[in-house]
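> here is the input, now give the coordinates:
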Amino acid sequence: MTLRIGIVNLMPRAETYEVTLTRALAASGRAFEPVWLRLVTPAYASSDRTRIEQVYVPLAAALDSGRLDGLIVSGAPVEELAYESVTYWPELSELLVRARSELRSTLGLCWGGMALAKLLGVEKVVFPRKLFGVYPLQPRSSHRVLNGGPLLCPQSRHSGLDPASLSAAVSAGEISLLAGSDAAGEVILESADGRYIVHTGHPEYETERLGFEFRRDRAAGRCDVGPPVGYDLERPVATWADTSAAFFRGWLDGLRS
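The predicted structure is shown next:
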């Protein structure tokens, strides 16, 4: 059975991210069909707007069709903004609430994950310095999206989950912690009903992506961004590849159960 996976692509240069995410999903070894989705509100200024309009299906229409098996919400370059300051937040949040009631699982990556956490009552905090690099994680519980080997994941974000509201959500039984670390914080979470999977990292990143982002940020004058931790800029290796494949395999398998 080929799963139809809706993907809300909010990343800059959307067409480039299409390749990144489909390669990561394909590495899981599971059959899937990507359904590229768009919102009405964003301008998609850095992307091919004509392609967006021709290839991407409006998220509301995709939900109306009833033909999606699961949903992925990408990261977005807005993590330093309050949710209420993001122009498309009202549209996205309304549709994500709907997706929770209609789809087996919605997976959020980086800012997309934090957006799901916000809907579960977990606020966001902006960091004084970007969390950037490849970080080892420790499992907090047994779960299908985790494998038995070392857990490694790229992180590239200026914000994270607020510890106080996260602790309150865990205590209330709204959220289960799946993996995290002292350095990266809580990274992988699940809602109590299993309908939302939050991943604040970028398991989908390709080998060269962190190096590209480092050079991009420096060229933009962001001297507050240091070299990525645990990553060799001169001889990059995707040390997280096995963790990534197992994560996406476990998530896709969960859509069949």
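> just checking, residue 113 is part of a helix?
Yes - with DSSP: H, G, I helix; E, B strand; the rest coil as the criterion, residue 113 is assigned to a helix.
> what about residue 237, how many neighbours?
When counting by other CB atoms under 10 Å, one arrives at 10 neighbours for residue 237. Placement of C-beta: from N, CA and C, glycine included.
> check the one 5 residues further on too.
Other residues near residue 242 number 15, with proximity taken as other CB under 10 Å.
> helix or strand for residue 95, which one?
Under the criterion of DSSP states H and E, residue 95 resides in helix 89-102.
> which positions in that helix come out as buried?
By neighbour count on 16 or more other CB atoms under 10 Å, the buried set for helix 89-102 is 89, 91, 92, 93, 95, 96, 99, 100.
> isn't the fifth one up against residue 61?
Right, residue 95. No - the criterion here is CB atoms under 8 Å, and residue 95 misses it with residue 61 at 10.6 Å.
> could you please name the strands the next helix or strand after the helix holding residue 95 pairs with and the direction of each pair?
Remark: after helix 89-102, the chain's next helix or strand is strand 106-109, criterion DSSP H and E. Here strand 106-109 is paired, per DSSP bridges, with strand 70-73 (parallel), strand 196-199 (parallel).
> show residues contacting strand 106-109.
70-75, 96, 99-100, 113-117, 195-199, 201-204, 251 (CB atoms under 8 Å, 6 or more residues apart in numbering).
> for the record, mean pLDDT for it?
For strand 106-109, mean pLDDT rounds to 98.
> for residue 152, state which of the buried residues of helix 89-102 is nearest.
Among the buried residues of helix 89-102, residue 96 lies closest to residue 152 (CB to CB), at 28.0 Å.
> list the contacts for the residue nearest to that closest one when sequence neighbours are not counted?
Nearest in space to residue 96, with sequence neighbours left out and distances taken as CB to CB, 6 or more residues apart in numbering, is residue 119 at 6.0 Å. When contacts are counted by CB under 8 Å, 6+ apart, residue 119 touches 93, 96, 97, 100, 196.
> please redo it, this time with the cut-off set to 10 Å
Residue 119 makes contact with 83, 92, 93, 96, 97, 100, 106, 108, 191, 196, 198, according to CB atoms under 10 Å, 6 or more residues apart in numbering.
> I'm done for today, thanks for sticking with me.
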